[in-house]
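**Student:** Structure for the following, please:
(one chain, ligands or ions: 1)
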Amino acid sequence: MATTHTHIGNYEFKSCFMNAAGVYCYDRSELEKVINSEAGTFVTKTATLNKREGNPLPRYYDTELGSINSMGLPNLGIDYYLEYLIELQETMPERSFFLSLVGMSPEETHILLKKVQESSFKGPIELNLSCPNLPGKPQIAYDFETTEILLSEIFEYFKKPLGAKLPPYFDIVHFDQAAKIFNKFPLFFVNCVNSIGNGLIIKDEYTVIKPKNGFGGIGGEYIKPTALANVHAFYQRLNSSIRIIGTGGVLNGKDAFEHILCGASMVQVGTALQKEGPEIFKRLNEELESIMNEKGYKTIEDFRGKLKMI
Ligand code: SIN
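**Tutor:** Numbers count the residues shown, from 1 in each chain. Here you go, the predicted structure:
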């Protein structure tokens, strides 16, 4: 029988599915729902140093093919998530959970990471280099020079397992340039992709979200081809020690199968989780297992990265 069990480094997960940061991860009550589902783990909402209210409402809108959001990093602050994660280490020592974070400036990012470095937290950390929704702030990972400087400063002191959440790239030269930078550092994973930034959805002549005059990150079915391309582009270019988390357009087991074929070791679910709730993880595991059984694959390592070219 097939299993969707996976691992990233020494961290073992009973399933390769988890939430994407931003969905079902704002507070303990949401995170507990993911823990109690058939997801392999969770990632917290991206934490900043202090609690943030985020952008004005409405800031999230579902469409038939996906979603648009401009949340603006509403979160309860790093101490809230760190405290909960450290508590879970005591109460559920057999499981590992991800912390997502980013500062509102490079200085704040260093303060956050030093706090995590000094804490007893042992889980993986996702540095969000790709939030498209902060007015006046660019997506860090689109600026290669800033990204390289930030990562070199971080890895001077940061010794815990750190990965990066990336925005989608759209040009082969950018895949090459970005991978060359990431390969210089002991990154634990990259997560491809965050939402496609700054889309616009219109209903009855109006924008559907308030912040940034209606511009927001696009997720869901719209973005699967871009997500798959990014997963596979980085799978082909990154050192094999840097694992890949695939995110974008995962609505069913087939979508996850394709992310894994492209090289993903884990698969995150955002828009579809928002629409369907944490019970989605049961369906996703069953659908992926059924595809694997049909094809005679027992573990995801049997087909991970083995996309065939015609
Ligand atoms: C947000 O809070 O604006 C979404 C987070 C992200 O896209 O990184």
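**Student:** any chance you could read off phi and psi for Tyr142?
**Tutor:** Summarising the backbone geometry of Tyr142 under the convention degrees, to the nearest 10, its torsions are phi -80, psi -10.
**Student:** Over to Asp79?
**Tutor:** Backbone torsions of Asp79, given as degrees, to the nearest 10, read phi -60, psi -40.
**Student:** Quick check, pLDDT for it.
**Tutor:** In this model, Asp79 is scored at 99, pLDDT.
**Student:** got a list of what Val267 touches?
**Tutor:** Shown in contact with Val267 (C-beta atoms under 8 Å, 6 or more residues apart in numbering): 16-18, 245-247, 250, 256, 259-260, 284. C-betas here are computed from N, CA, C, even on glycine.
**Student:** How about the secondary structure of it?
**Tutor:** For Val267, the reduced secondary structure class is strand; criterion used: DSSP: H, G, I helix; E, B strand; the rest coil.
**Student:** Bridged to it, which residues?
**Tutor:** With beta bridges defined as DSSP bridges, Val267 has these partners: Phe17, Gly246.
**Student:** Could you report the distance from it to Leu99?
**Tutor:** Using C-beta to C-beta, to the nearest Å, one obtains 19 Å as the distance from Val267 to Leu99.
**Student:** swap in Ser119?
**Tutor:** When distance is defined by C-beta to C-beta, Ser119 is 10 Å away from Leu99.
**Student:** Model confidence at the closest residue to Ala21 other than its chain neighbours, what's the number?
**Tutor:** Across the structure, with C-beta to C-beta, 6 or more residues apart in numbering as the measure, the residue nearest Ala21 apart from its sequence neighbours is Ser100 (4.2 Å). What the model reports for Ser100 is a pLDDT of 99.
**Student:** Quick check: buried residues in the one helix or strand Asp255 maps to?
**Tutor:** For Asp255, the enclosing helix or strand under DSSP states H and E is helix 253-261. Within helix 253-261, the residues that qualify as buried by neighbour count (16 or more other C-beta atoms under 10 Å) are 253, 255-261.
**Student:** for that helix, packing partners?
**Tutor:** When contacts are defined as 3 or more C-beta pairs under 8 Å, 6 or more residues apart in numbering; DSSP states H and E, helix 253-261 packs onto helix 224-237, strand 243-247, strand 266-269, helix 280-295.
**Student:** and the longest one, what does it pack onto?
**Tutor:** Translated: helix 280-295. Contact here means 3+ C-beta pairs under 8 Å, 6+ apart; on that basis helix 280-295 packs against strand 17-19, helix 253-261, strand 266-269, helix 271-276.
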